[in-house]
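>>> The sequence isn't on hand, but the structure is:
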């Protein structure tokens, strides 16, 4: 896994999932969006806010609290880029659910669907249960049907490239983004073996910058995980190893955001799905602390 590269290299966009065309986007050919406020002559409309929602398994429930605060303060979200748990939360909200709906879904879900189905060939869990759960809560929508533009980040296990989906089946794409290697069997797609997007872009700021937005708010969930003591479960041991490899590219990603929040989730692990209300509250607190800064950034980007 140490060979994975932190570049946006493949973008899968137009057309149905079965007939998607690969478009190679290297650092040289991808759209460059310079960090900073919109130029004065471009400030005819309020800045468009995009979210980069990071991965973190159960810690992804903290995204709900962040989204609630944005919603309550009437801050519109114009695009979402999501990785793993961030892709799952982003997909459900982009499909038309409110953050309060998402909170209720988190409270009432039987999270054992994450551990269903075993791939006999790979000897690992299959992530098909994640897809079924997502399909129910996204109403089987395609990217074209979504109310908010969404980009879902995955990784090619062989080449180490980032593979981004912006069209086709939303539930399928978000499921692939949450397919943690070593726990779930990779998903085969057009000659590729796709896994969790967190291997290459755990906080997908680069992907968000390529969307039609002016300001990026990044949400990073694993800031305290590396210091939370020895992992107690196999899944946490695998995620700990991945988190160590993620350090460099996460730092690079969040350096490109206009504002990054990192909820203090110390003491809460990647499999603590019963701590829904605690995760949500910590997400809310982080967003509330950062709210004045975000409002200032958005106001500075608005033409007087």
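Nice, I can see it. Since we're looking at a predicted model, the values are computed, not measured. Numbering: from 1, shown residues only.
>>> Tell me where the stretch 151-300 of the chain has helices.
170-177, 198-201, 205-209, 234-254, 276-300 (DSSP state H, counting those that start in this stretch).
>>> Tabulate these (TSV), appending mean neighbour count and distance to residue 186.
Using the backbone N, CA and C atoms, a C-beta is placed for each residue, glycine as well. Shown next, in TSV, are the helices of the stretch 151-300 of the chain (neighbours: other CB atoms under 10 Å; distance: least, CB to CB, whole Å):
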stretch	mean neighbour count	distance to residue 186
helix 170-177	28	9
helix 198-201	30	11
helix 205-209	27	20
helix 234-254	18	14
helix 276-300	18	28
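>>> out of these, nearest to residue 192?
Closest to residue 192 of the helices of the stretch 151-300 of the chain is helix 170-177 (CB to CB; 10.0 Å).
>>> could you say what helices and strands the closest one packs with?
strand 79-83, helix 85-94, helix 128-138, strand 150-156, strand 187-189, strand 192-196 (3 or more CB pairs under 8 Å, 6 or more residues apart in numbering; DSSP states H and E).
>>> Any idea which of these gets closest to residue 45?
strand 79-83 (14.4 Å).
>>> need the next SSE after the worst-scoring helix or strand of the chain on mean pLDDT, C-terminal direction.
Using mean pLDDT, DSSP states H and E, strand 22-24 stands out as the lowest-scoring helix or strand of the chain, at a mean of 35. Next along the chain after strand 22-24, taking DSSP states H and E as the criterion, comes strand 49-53.
>>> helices and strands around that next one, which ones?
With contacts taken as 3+ CB pairs under 8 Å, 6+ apart, strand 49-53 sits against strand 79-83, helix 85-94, helix 205-209, strand 215-219.
>>> Distance from the chain centre to the third one, please.
For helix 205-209, the distance from its own C-alpha centre to the chain's C-alpha centre is 11 Å (CA atoms, centre = their mean, to the nearest Å).
>>> just stretch 200-220 next, same as before
Using CA atoms, centre = their mean, the offset of stretch 200-220 from its chain centre is 9 Å.
>>> so how far does that stretch reach from one end to the other?
14 Å (CA to CA, to the nearest Å).
>>> Report the rounded mean pLDDT for that stretch.
If you average the pLDDT over stretch 200-220, you get 96.
>>> Kindly report the same for stretch 271-290.
Rounded mean pLDDT across stretch 271-290 is 95.
>>> Ok, stretch 170-189 next?
93.
>>> when you give positions from now on, start the count at 54
New numbering, starting at 54: the last item is stretch 223-242.
>>> Quick one: end-to-end distance for it.
Terminal-residue distance, stretch 223-242 (CA to CA): 15 Å.
>>> Quick check: beta-bridge partners of residue 234?
residue 237 (DSSP bridges).
>>> That one: neighbouring residues, count only.
For residue 234, the count of nearby residues is 18 (other CB atoms under 10 Å).
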